[in-house]
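Undergrad: whatever this is, show me its structure:
(chains A and B)
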There are 2 protein chains.
Amino acid sequence: MGSQILPSWNDGAARAAIMDFVGRVTKEGGPDYVRPAERIATFDNDGTLWCEQPLQVQFFFARERLDAMVEKDPSLKDRPPFKAFVDRDMEAIKAQGKKALMTVAAAVHAGTTEDEFYVIAEEWLARGKHPTLGRLFTQLTYRPQVELLDYLRANGFRTFIVSGGGIDLIRAFAETAYGIPREQVVGSSNKTRFELVDGRASLVKLAELGSFDDREVKPANINLHIGRRPILAFGNSDGDLAMMRYALGNRGPSLALLLHHDDADREFAYDREFVLSPLAEALDKAADYGITVVSMKRDWKAVFTSDP
Amino acid sequence: MGSQILPSWNDGAARAAIMDFVGRVTKEGGPDYVRPAERIATFDNDGTLWCEQPLQVQFFFARERLDAMVEKDPSLKDRPPFKAFVDRDMEAIKAQGKKALMTVAAAVHAGTTEDEFYVIAEEWLARGKHPTLGRLFTQLTYRPQVELLDYLRANGFRTFIVSGGGIDLIRAFAETAYGIPREQVVGSSNKTRFELVDGRASLVKLAELGSFDDREVKPANINLHIGRRPILAFGNSDGDLAMMRYALGNRGPSLALLLHHDDADREFAYDREFVLSPLAEALDKAADYGITVVSMKRDWKAVFTSDP
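TA: Have a look, this model is predicted:
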């Protein structure tokens, strides 16, 4: 008989660690009780809540927007870091790294107001398809994680996304996909300028990164946006390590979880060779740091929310 | 017989405007219905939710911290913008303006971790007293506003503070005083640096302003932290005008409220002459912009939460 709790998680050490932790922090009068105000859980998005292979979803969105920009300004074709994207040169894109991807993403957002951007993002998300899996990107969220988010909220947690991806694109689907409202999404962001557009007070996105929410910036942004140390943090790359260690530095109980993509049959198998977002130190030091490794292959009964 | 709703508000145009607005946006099937996810209300703090005279509370906190710094580094006594604060030279402090106050505040926060800061802030807030009213600062929150926050939340709103004051000091008391959790507080902030302090992952506050959350920066920070246009915004100075106009730019219904401190008997009477945070344009243009002016003298039956 299957359990009602976390049904897409196999019985095993990871599921047990989660359930033990939630049981302890919610047990009133117990030594590890945490009052609801302090039950903060933070999740990375790309590769933790949805598929990030062959490249982060952000990339496919940016590339389409870039094509439209190039029509207006062909000189972009020869300018780094845009050239590699226009040329679809995956090796060059990977060699340029994640920050170059964010720079391109920032540039393609520029000039729209925040309201206009949501319209563009929602339109694209409604049709943006994974290049090999043939499903909408929004259908490639992970079912065990959606269950976990629900389970945490049912136990008084507030769940946040803390992602290196562009904050507005995530906000455009996080409520529907994950039950996470916009104000509980933290991510990389453009600077904006307040101005009157046709007499209406608006924010215009600038082609300048405000924050690249990766590595040590994640805890800093958690402090800025949330103002509390998470007691549970879930990631899948070295870009999430600082966030996981920040959670583990909590004076009270804490749990850090690391998703290992080791399931080439059902999803993709990758870790240290993924140039844009490698997993190496966090995997090697998981035991030292007290991080619980989640194996997609062993710990998950199902992978995608859209699986039968 | 007094009303159960907003009992500290006098019957009048302001109370009627609030109740009419809340009634319309919550009426399912009505033309102005707003779904709960979009019911965002933003409040300034100093002078809107609590007393800001003779100077913002932040000032008294910073001055005490600065005295302790001067003991360690006497050279601060002769360096602007610190000198005016050390000398208690109120005219010079006012002439230096609000940003200088924030710079001093940022400097006195520097070097503590975010955890240590909360301990310092809570200790001070438990004893920090208003210089002339003789009550704790935390007893000088406005009762009608606490009722309004409760009323909005009872109607499905999420209530946020968007303040020029230091974000961490507000977070240290907003939950208790206003029922607003830390993650719903936006304010001015220091930059921080992630580091291991005694082997524990921590954020150390730097003596550098990350964001001075005033005027046009308020809408930008609302977009960054919340990701939605507020449908209700409440302020008391020109520093809140951009935020109010941003709310009024909503495509659906919106309400902007401006508290006018015109009650010298029960609180203080001031507007355009308050150097650090003047009220002039917002008052002069309230009718043009569609801002509802709230008169403390006429619209509020009671002022402070600690009044009998």
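
Undergrad: okay, and for chain A, where does confidence drop off?
TA: By pLDDT under 70, the low-scoring segments of chain A are A:1-3.

Undergrad: just the strands from it, written as ranges.
TA: A:40-43, A:158-166, A:185-197, A:200-211, A:232-235, A:255-260, A:291-295 (DSSP state E).

Undergrad: contacts for the longest helix seen in chain A?
TA: Secondary structure of chain A per DSSP state H: the longest helix is helix A:90-109. Contact with helix A:90-109 is made by A:54-56, A:58-59, A:61-62, A:65-66, A:69, A:80-85, A:117, A:164, A:166, A:168, A:188, A:190, A:205, A:207-209, A:212, A:214, A:239, A:275-277, as judged by CB atoms under 8 Å, 6 or more residues apart in numbering or on different chains. C-beta: built from backbone N, CA, C; applies to glycine.

Undergrad: let's see 7 Å
TA: A:58-59, A:62, A:65-66, A:69, A:81-82, A:84-85, A:117, A:164, A:166, A:188, A:190, A:205, A:207-209, A:212, A:214, A:275-277 (CB atoms under 7 Å, 6 or more residues apart in numbering or on different chains).

Undergrad: centre-most residue in chain A?
TA: Taking CA atoms, centre = their mean, the centroid of chain A lies closest to residue A:45, which sits 1.4 Å from it.

Undergrad: kindly provide the distance from the closest residue to it other than its chain neighbours to residue A:56.
TA: Nearest non-adjacent residue to residue A:45, counting by CB to CB, 6 or more residues apart in numbering or on different chains: residue A:163, 3.8 Å away. From residue A:163 across to residue A:56, the span is 9 Å (CB to CB, to the nearest Å).

Undergrad: overlap of the contact sets of those two?
TA: residue A:46.

Undergrad: out of these two, which sits in the busier spot?
TA: residue A:163 (31 against 25; other CB atoms under 10 Å in any protein chain shown).

Undergrad: the more buried one contacts residue A:211, correct?
TA: No - if you go by CB atoms under 7 Å, residue A:163 and residue A:211 don't touch, sitting 11.3 Å apart.

Undergrad: which ones are touching the closest residue to residue A:302 other than its chain neighbours?
TA: Using CB to CB, 6+ apart and skipping residues adjacent in sequence, the residue nearest residue A:302 is residue A:8, 4.3 Å away. Residue A:8 is in contact with A:143, A:144, A:147, A:300, A:301, A:302, counting by CB under 7 Å, 6+ apart.

Undergrad: give me every residue in chain A lying close to chain B.
TA: A:37, A:114, A:171, A:175, A:181-183, A:185, A:189, A:192, A:194, A:200-203, A:216, A:219-220, A:223-228, A:242, A:245-246, A:248-249 (CB under 7 Å from any CB of the partner chain).

Undergrad: so which of the residues you listed sit within helices?
TA: Reading helices off these with DSSP H, I get A:114, A:171, A:175, A:219, A:220, A:223, A:224, A:225, A:242, A:245, A:246, A:248.

Undergrad: among those residues, which ones are buried?
TA: Neighbour counting by 16 or more other CB atoms under 10 Å in any protein chain shown classes A:114, A:171, A:219, A:220, A:223, A:224, A:225, A:242, A:245, A:246, A:248 among those as buried.

Undergrad: any idea how far the fifth one lies from residue B:194?
TA: This means residue A:223. 9 Å.

Undergrad: overlap in contacts of these two?
TA: Common neighbours of residue A:223 and residue B:194 (CB under 7 Å, 6+ apart) are residue B:203.

Undergrad: re the thing from before, closest to residue B:153 among the ones in helices among the residues of chain A next to chain B?
TA: Within these, the smallest distance to residue B:153 is 19.2 Å, found for residue A:175 (CB to CB).

Undergrad: who's in contact with that closest one?
TA: A:181, A:182, B:37.

Undergrad: try residue A:179
TA: Per CB under 7 Å, 6+ apart, neighbours of residue A:179: A:149, A:150.

Undergrad: excluding covalently adjacent residues, which one is nearest to the residue of the stretch 1-150 of chain A found nearest chain B?
TA: Of all residues in the stretch 1-150 of chain A, residue A:114 sits closest to chain B, with a separation of 5.3 Å (CB to the nearest CB). Spatial nearest neighbour of residue A:114, excluding adjacent residues (CB to CB, 6+ apart): residue A:203 at 4.8 Å.

Undergrad: pretty sure that neighbour contacts residue B:224?
TA: No - taking contacts as CB under 7 Å, residue A:203 lies outside contact range of residue B:224: 9.5 Å.
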